[in-house]
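Q: sequence first, predicted model second:
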Protein chains: 2
Amino acid sequence: MNKKVTINDIAKMANVAKSTVSRYLNGGSVSAQTRLKIERIVQEQHYTPNTFAQSLKQQTNHTIGVIVPRLDSIAQSDMLRGLDECNQEDTFLIVNAYQDPKRELAAIEKLQSQNVGGIILLTANLTDEIRAALTASPLPIVIQGQDEPDFHRVIMADQHGGETVGAYVKTLHPKNVLLLNVNAEIDHAVGHDRFMGIKAALAQTPYTEVMTDFKLDTAKHDAKKAMAADQYDLVIGATDRIAVGAMQSGYALHQKPQYIGFGQSFFSETVTPNLTSFEFSFFEAGKQLYRLFVKVRDENPQTIQRVVIDGQLVIRDSTGPQH
Amino acid sequence: MNKKVTINDIAKMANVAKSTVSRYLNGGSVSAQTRLKIERIVQEQHYTPNTFAQSLKQQTNHTIGVIVPRLDSIAQSDMLRGLDECNQEDTFLIVNAYQDPKRELAAIEKLQSQNVGGIILLTANLTDEIRAALTASPLPIVIQGQDEPDFHRVIMADQHGGETVGAYVKTLHPKNVLLLNVNAEIDHAVGHDRFMGIKAALAQTPYTEVMTDFKLDTAKHDAKKAMAADQYDLVIGATDRIAVGAMQSGYALHQKPQYIGFGQSFFSETVTPNLTSFEFSFFEAGKQLYRLFVKVRDENPQTIQRVVIDGQLVIRDSTGPQH
DNA sequence: TTGTAAGCGTTATCAA
DNA sequence: TTGATAACGCTTACAA
C-alpha cells in the first residue's frame, strides 16, 4: 500500500469538502456542476475508496468467509463457481478445512476475529463444538451439506437421489449387489439418506453392505476384499470416487460388474468405462447458497430457511449394454 | 458485526488507558501487574482486535490476493495447500480466474481496490495488458507458472521434466510415438519447455506431434483421430488429463499403447491402468511461493527472484511390464 | 511504566 | 446544496 489517493486528495483537487465527495460517491445530493467536476477527478486519479476505512466506519463489510471441507473436489469447486456466479459485490474469503472438524472450528473463530460479514459453511459433519460456535456467533451464517435443523441451510436431494437410483437398479435386475457405503456418523447425508431408497429397492435382491471411507485407496482396498470374497454383478458406491476405487479392484480381479456412483460429471467421464451416476447440481447449489446467505444477512428471517437442490441420474457405459 | 468488545472496553475494565492495552497486545512495556490484569480481561471477553482499524492505521495489511486459473485441479489445490502450510499470519483471498485472461486482469484490479497487501498470481499465460497492470502496481507481487523474466516467480522444472521423460522413453524403445501437445502460445512452459527434452530423445524414433488443448474431451477427440490414422506404441500427453483422454480413445479403438503424462499423482492413480507420469511437487511449489512472497514483501529485493521446483518421474502400469 | 492526544480514510450529523 | 466536525477502533509519539 504505497501512496493511494484518498477522499481528501480528491476533495482538495476539486475544491470541495470531503463530505461532498463522499456524498457524490454514495449517491447523495450534489449539484450537477460539482458532480461533473468530482467525477472527472475521480476518474483521472483512479480513486477507489479505502475498504478498511469504510468497514471501520460502517461496522459491517462485504467479505463472506467460506469454509470448504476440501478444495481438490469438483463438487466443491462447482459450488464455489455457483457462489461467484450470483455474487454482485461481496468478496469471498475461502478457507480450506481439510476435512478436519478441528480446523473447521478454528476457521470459524479465525474468520470472526477477521471481522468477516458472515459465514458460509460447507460441511460433511457438524460437531457439538461447532454447533455451539455457530449458535454463539452474531454473524449471518448459512450451512451446506447436512440437514441440520437449527441452521439456515442448502442441502442436496440425497434421499431423492437414492430413490431414483433404486428405481433404476430395479430395471437392471441384478443378482447380487455390493453397496460401498460410508459411516452415517461421518456423513449422515451420504451414509444414510442416499442409501435409504436403494435398500428399499433391493428388498427382493441379495446385497452386501461394506463400510469404507471417502478416500480412493481405502475404497479400492475394501472393494477388493469384498469382491474377492463374493461375486457381484452390480456395485454401488456412495460417491463417484468410491465407485472408481471399486472399478479398479474389479479391473485387477478381472471382474466386470456394473457400477453406479453419486457425484459430478467430470470424474465420471474420466474413468473407463464412463461411470453411471446420480449427479447433483453443485453449481446450482452454490447459486442458491449465495442467495440464501444474502437473504439471511439482509432480511434476518426468524424462521429457519431450508433449500433442497435436486440432481439427476446420468446413465453411462458402466451400466451400459456391453456389460 | 453486532456489539464486539473494543480496546476501549478492555481499557475501562482494567482501569488503564487504551494505549496501555495496545502496548500489551503489541508486546510493548507494561508492568507485570497490569499485564496480568489485562490478560485476564482479554481472555474473559474473547477480545480480538478489529482488523480494519489495524489495517487503516498501519497502512498495510496481511491479506494476500491469490489468483488461480482454476479451482477444479489437483495441482492448484495442492499449491494452495502449500501456501497454507507455511502461512503464519496472512489471510488469503482466493480468486478464480476461470482460465480467462480478462478475468485475470479484472481480478488484479479488484484486489487492488480492495487494498490487499500483495498478490500471488498463478497463471498459464500473461498478456501484455496483465504485464502492464502488474508493473504499474505498487504492491509486492509474485507469479507462478510462467518463466517471465520481469517478475519474481516460482516455476516448475518443465524442461528438466521433459529431459527425464526423454531419457526414460529411450529405455522403452518405442517404434512410433504420438505426442499430444498444446500450443506454446497458450502455455509456453507446457507447450515448449516440456517437449524440448522429449523431442531430443526421439531424434532416432519416428513420432507425430498433434496439437490439442487442456480439456479432456478435446484431447480425447484429437487423440482418437490420430490413433485411428496410425498405429502408435507410445503416447505422451502434455498433461495427465490429456494422456487420460488418449487412454479413453485407445480403449475405444481397442489399442493398447503405453502412456505417459505430466501432472500430479491423484489423477494418475484414478485411471485404469494407472498412469506413468512426471510429477511436479505443487505442494512444495506453494510453500516456496509463499516464502518468496514474504521475502519480496518484507525485503523488497532489487534483483528479480526466480525459484525452480523440481519433480520426479513416477513409473506406473501404463508403461509397465504387462503392456 | 503509564496516559494524553493525534491521526489513519471513511461516513453521518447538523448548521449554514 | 454544501462544509465543519465527530466518530469508527486502533497505533504511536510524546509527555508525565
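A: Everything's here; your move. Residues are numbered from 1 along each chain as shown, chains lettered A, B, ... in the order given.

Q: give me the buried positions along stretch A:108-115.
A: The neighbour-count check on stretch A:108-115 (16 or more other Cβ atoms under 10 Å in any protein chain shown) flags A:I108, A:K110, A:L111, A:Q112, A:Q114, A:N115 as buried. C-beta here means a position set from N, CA and C on the backbone, and glycine is covered the same way.

Q: could you check that stretch against chain B for contacts?
A: Yes: for a cut-off given as Cβ under 8 Å from any Cβ of the partner chain, stretch A:108-115 has contacts with chain B, namely A:Q112, A:S113, A:Q114, A:N115.

Q: mind checking how far the closest residue to A:F278 other than its chain neighbours is from DNA strand D?
A: Among residues not flanking A:F278 along the chain, A:G161 sits closest, at 4.4 Å (Cβ to Cβ, 6 or more residues apart in numbering or on different chains). Remark: distance between A:G161 and DNA strand D (Cβ to the nearest atom of the strand, to the nearest Å) = 47 Å.

Q: direction included, what does the host helix or strand of A:V308 pair up with?
A: Element membership for A:V308, per DSSP states H and E: strand A:306-309. Strands adjacent to strand A:306-309 in the sheet, as given by DSSP bridges, are strand A:153-156 (parallel).

Q: quick one: name whatever helix or strand follows the partner strand.
A: Using DSSP H and E, the helix or strand that directly follows strand A:153-156 along the chain is helix A:158-172.

Q: by contact count, what packs against that following helix?
A: Judged by 3 or more Cβ pairs under 8 Å, 6 or more residues apart in numbering or on different chains; DSSP states H and E, helix A:158-172 is in contact with helix A:194-201, strand A:234-237, strand A:258-263, strand A:276-280, strand A:311-314.

Q: swap the cut-off to 6 Å and go again
A: helix A:194-201, strand A:311-314 (3 or more Cβ pairs under 6 Å, 6 or more residues apart in numbering or on different chains; DSSP states H and E).

Q: buried residues in it?
A: A:D158, A:Q159, A:H160, A:G161, A:G162, A:E163, A:T164, A:V165, A:G166, A:Y168, A:V169, A:L172.

Q: okay if I get those residues as TSV plus pLDDT?
A: TSV is the format used below for these (pLDDT from 0 to 100):
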residue	pLDDT
A:D158	94
A:Q159	94
A:H160	95
A:G161	96
A:G162	96
A:E163	96
A:T164	97
A:V165	97
A:G166	96
A:Y168	97
A:V169	96
A:L172	95
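
Q: what's the closest of these to DNA strand D?
A: Within those, the smallest distance to DNA strand D is 42.8 Å, found for A:D158 (Cβ to the nearest atom of the strand).

Q: state which helix of chain A is the longest.
A: Ranked by residue count, the top helix of chain A under DSSP state H comes out as helix A:282-299.

Q: what's the angle from that helix to strand A:258-263?
A: Helix A:282-299 and strand A:258-263 are oriented at 20 degrees to each other (axes from the mean of the first three to the mean of the last three Cα atoms, to 10 degrees).

Q: and helix A:282-299, anywhere near chain B?
A: No: residues of helix A:282-299 are not located near chain B by Cβ under 6 Å from any Cβ of the partner chain, the shortest gap being 10.7 Å.

Q: check which helices and strands that helix sits against.
A: With contacts defined as 3+ Cβ pairs under 6 Å, 6+ apart, helix A:282-299 has these neighbours: helix A:74-86, strand A:141-144, strand A:153-156, strand A:306-309.

Q: could you identify which of those has the lowest mean pLDDT?
A: Ranked by mean pLDDT, the helices and strands packed on helix A:282-299 bottom out at helix A:74-86, which scores a mean of 91.

Q: contacts for that one, please.
A: Contact with helix A:74-86 is made by A:V68, A:Q264, A:F266, A:F267, A:F282, A:F283, A:A285, A:G286, A:K287, A:Y290, B:L71, B:D72, as judged by Cβ atoms under 6 Å, 6 or more residues apart in numbering or on different chains.

Q: relative orientation of that helix and strand A:276-280 in degrees?
A: If you take the same axes, to 10 degrees, helix A:74-86 sits at 30 degrees to strand A:276-280.

Q: what strands line up against the helix or strand immediately after helix A:74-86 in the chain, and which way round?
A: Scanning forward in sequence from helix A:74-86 by DSSP H and E, the next helix or strand is strand A:91-96. Using DSSP bridges, strand A:91-96 pairs in its sheet with strand A:63-68 (parallel).
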